[in-house]
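Asker: got a predicted structure plus its sequence, pasted below:
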Amino acid sequence: MARYTGPKARVSRRLGTNIWGTKGETIALDKRPYPPGDHGQTRRRGNVSEYLLQLQEKQKARFTYGLGERQFRNIYDEANRSTGVTGENMLQFLERRLDNVVYRSGWAATRPQARQFVSHGHIEVNGKRVNIPSYRVRQGDKVSIRAKARNGVTLQWNIDVLDRSKPAWIDEGSDKYEAVIHQLPLREHIDVPVREQLIVELYSK
């Protein structure tokens, strides 16, 4: 999958929200709360097409979880085939990605950093090392940081300084280096500012 490596603040300004959760994006949005480009200040946000609104919601979700277009479309197609509400199924699948669980557990400052932790083999699921960021956790799974990685400076800083509380669907295990998926995430547990119904409408055309 092609990973986005361009200017993050520019994307956040275009979509009107802090996508990656970095300080630089917050500063950029505070200083220039309008889209980038020569005509950013004169562009009227209120007078946009339905298609643009749908596209922006898709881009918010895609960049937030770090997916390429094809991978995101595959998740939507799977959600559409599953029983239940398509949009909520899609968000649940995204939340259950292993890199997102690492982020939600407070072990990483951002999702890209969480993906790096997983890719470098620092994470275990049910006692077995998993280095696939897109691995989808299931109810009852125990996710933990490998013993060799627990003394890392970055990890310790994230745990001590960020002090991010786990969402309602994740419990702390026997210590701060473990997390247990005690239930699948519900829509009210997902705080990503995305209107998933607009994404469903976009792909349903």
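Answerer: Right, received. Where do you want to start?
Asker: what sits closest to the spatially most central residue of the chain if chain neighbours are left out?
Answerer: With distances taken as Cα atoms, centre = their mean, residue 65 lies nearest the centre of the chain, 3.3 Å away. The spatially closest residue to residue 65, leaving aside those adjacent along the chain, is residue 94, at 4.8 Å (Cβ to Cβ, 6 or more residues apart in numbering). Every residue, glycine included, has its C-beta placed from N, CA and C.
Asker: distance check, that neighbour against residue 64.
Answerer: From residue 94 across to residue 64, the span is 8 Å (Cβ to Cβ, to the nearest Å).
Asker: sorry, back to before: now the residue nearest to residue 65: which helix or strand?
Answerer: helix 86-95 (DSSP states H and E).
Asker: just for the protein, where's the confidence low?
Answerer: Applying pLDDT under 70 to the chain flags residues 1-12, 14, 18, 20-26, 28-47.
Asker: all strands of it, in order?
Answerer: With DSSP state E applied, the chain shows strands at 123-125, 128-129, 142-145, 170-172, 178-181, listed in chain order.
Asker: return the top helix by length along the chain as PDB; C-alpha atoms alone will do.
Answerer: In the chain, with assignment by DSSP state H, the single longest helix is helix 50-65. Taking Å, rounded to 0.1, in the frame of the first residue of the first chain, the C-alpha atoms of helix 50-65 are listed here in PDB:
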ATOM      1  CA  GLU A  50     -22.900  17.000  -2.500                       C
ATOM      2  CA  TYR A  51     -20.200  15.000  -4.300                       C
ATOM      3  CA  LEU A  52     -17.400  17.100  -2.700                       C
ATOM      4  CA  LEU A  53     -18.900  16.600   0.800                       C
ATOM      5  CA  GLN A  54     -19.000  12.900   0.200                       C
ATOM      6  CA  LEU A  55     -15.500  12.800  -1.200                       C
ATOM      7  CA  GLN A  56     -14.100  14.800   1.800                       C
ATOM      8  CA  GLU A  57     -15.700  12.400   4.300                       C
ATOM      9  CA  LYS A  58     -14.100   9.500   2.500                       C
ATOM     10  CA  GLN A  59     -10.700  11.300   2.500                       C
ATOM     11  CA  LYS A  60     -11.000  12.000   6.200                       C
ATOM     12  CA  ALA A  61     -11.500   8.300   7.000                       C
ATOM     13  CA  ARG A  62      -8.900   7.100   4.600                       C
ATOM     14  CA  PHE A  63      -6.200   9.500   5.800                       C
ATOM     15  CA  THR A  64      -7.100   9.000   9.500                       C
ATOM     16  CA  TYR A  65      -6.600   5.300   9.300                       C
END
